[in-house]
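Asks: Output the structure for:
(one chain, ligands or ions: 2)
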Amino acid sequence: LFARPCRFTYASQRIDQLPAFTLPEVAFCGRSNVGKSSLVNALTGQKTLARVSNTPGRTKQLNFFELGEEGRGRLTLVDMPGYGYAQAAKQVKEDWQGLMFDYLRGRPNLMRVVLMLDARIETKASDLAAMDLLGEAAVPFQIVLTKADSAKPYWLRKRQEEVAGFVRERAAAHPVVVTTSSEDGTGIEELRAELAALAAP
Ligand code: GTP
Ligand code: MG
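Replies: Ligands and ions are numbered 1, 2, ... in the order given. Have a look, this model is predicted:
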């Protein structure tokens with residue numbers, strides 16, 4: 001699935017302007033700056049596919065990317081804007097949360113949400129709220145820890161234990177947590193295998 005080039009197909013800021021749901025979808029969700037766009041690039045092996053930035057709030061739309069080809073597995077990856085961006089205006093936050101909620105609830109072909117947590121920092125209220133939202137909408141989600149390359153080993157273990165607790169407590173959570181680094185490639189092959197299992201024939 002990941003052997004062939006991935007194509008950008010669509011960007012949408014509005015829920016009434018989403019592409020038709022023809023393929024299974026996997027959406028990348030998490031706080032601003034957690035590394036969503038970087039992970040899409042690492043998974044596809046295409047460094048400039050999704051736009052990455054040091055400045056939180058870089059991705060402002062739902063960006064759709066198509067992987068694979070007919071007969072060999074096809075899957076759409078969705079790079080989402082981040083939540084929990086403190087500097088964003090209230091109206092912007094509400095718009096985004098509305099879009100996120102509507103998208104997550106109303107997308108029958110959404111097979112899984114990759115919920116991304118920064119391995120280096122503690123869980124925020126907005127992360128817990130995102131997990132609650134996914135649980136309420138009954139959308140299966142898989143937790144991915146990011147930026148493992150720059151987390152202290154002791155802290156990384158602590159985070160992994162904490163996240164294992166979230167998974168036990170939440171029915172919508174996928175049992176496998178993947179620890180990743182888009183910098184050094186940790187966990188990328190493992191996550192590819194997880195996502196490839198969701199592709200259409
Ligand atoms: P928004 O679009 O603003 O919500 O952010 P995002 O979640 O898409 O994050 P993005 O991929 O743009 O990355 C944010 C910053 O984190 C960039 O400076 C990246 O270079 C850095 N980054 C992403 N992944 C990793 C990683 O695995 N390790 C390290 N050390 N830095 C990373
Ligand atoms: Mg982004």
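Asks: where exactly do the strands run in this structure?
Replies: Assigned by DSSP state E, the strands in the chain fall at 7-12, 25-30, 62-68, 74-79, 110-118, 141-146, 178-179.
Asks: Residue 52 is nearest to which of those strands?
Replies: Closest approach to residue 52 among the strands of the chain (C-beta to C-beta): strand 74-79, 10.1 Å. Just so you know, the C-beta spots here come from the backbone N, C-alpha and C atoms, and that holds for glycine as well.
Asks: what's the nearest residue to the residue of the chain positioned farthest from its centre if we skip its chain neighbours?
Replies: What lies farthest from the middle of the chain is residue 71; by C-alpha atoms, centre = their mean that is 25.5 Å. Counting by C-beta to C-beta, 6 or more residues apart in numbering, residue 71 lies nearest to residue 201, which is 7.0 Å off, once chain neighbours are set aside.
Asks: Report the separation between that neighbour and ligand 1.
Replies: Distance of residue 201 to ligand 1, computed by C-beta to the nearest ligand atom, to the nearest Å: 30 Å.
Asks: Touching, that residue and residue 73? I think so.
Replies: Yes. With contacts defined as C-beta atoms under 8 Å, residue 201 counts as touching residue 73 at a distance of 6.8 Å.
Asks: Give me the more crowded residue out of the two.
Replies: Each of residue 201 and residue 73 has its neighbours counted (other C-beta atoms under 10 Å); residue 73 has more, 19 against 8.
Asks: any idea how far residue 102 lies from ligand 1?
Replies: Residue 102 is 18 Å from ligand 1, by C-beta to the nearest ligand atom.
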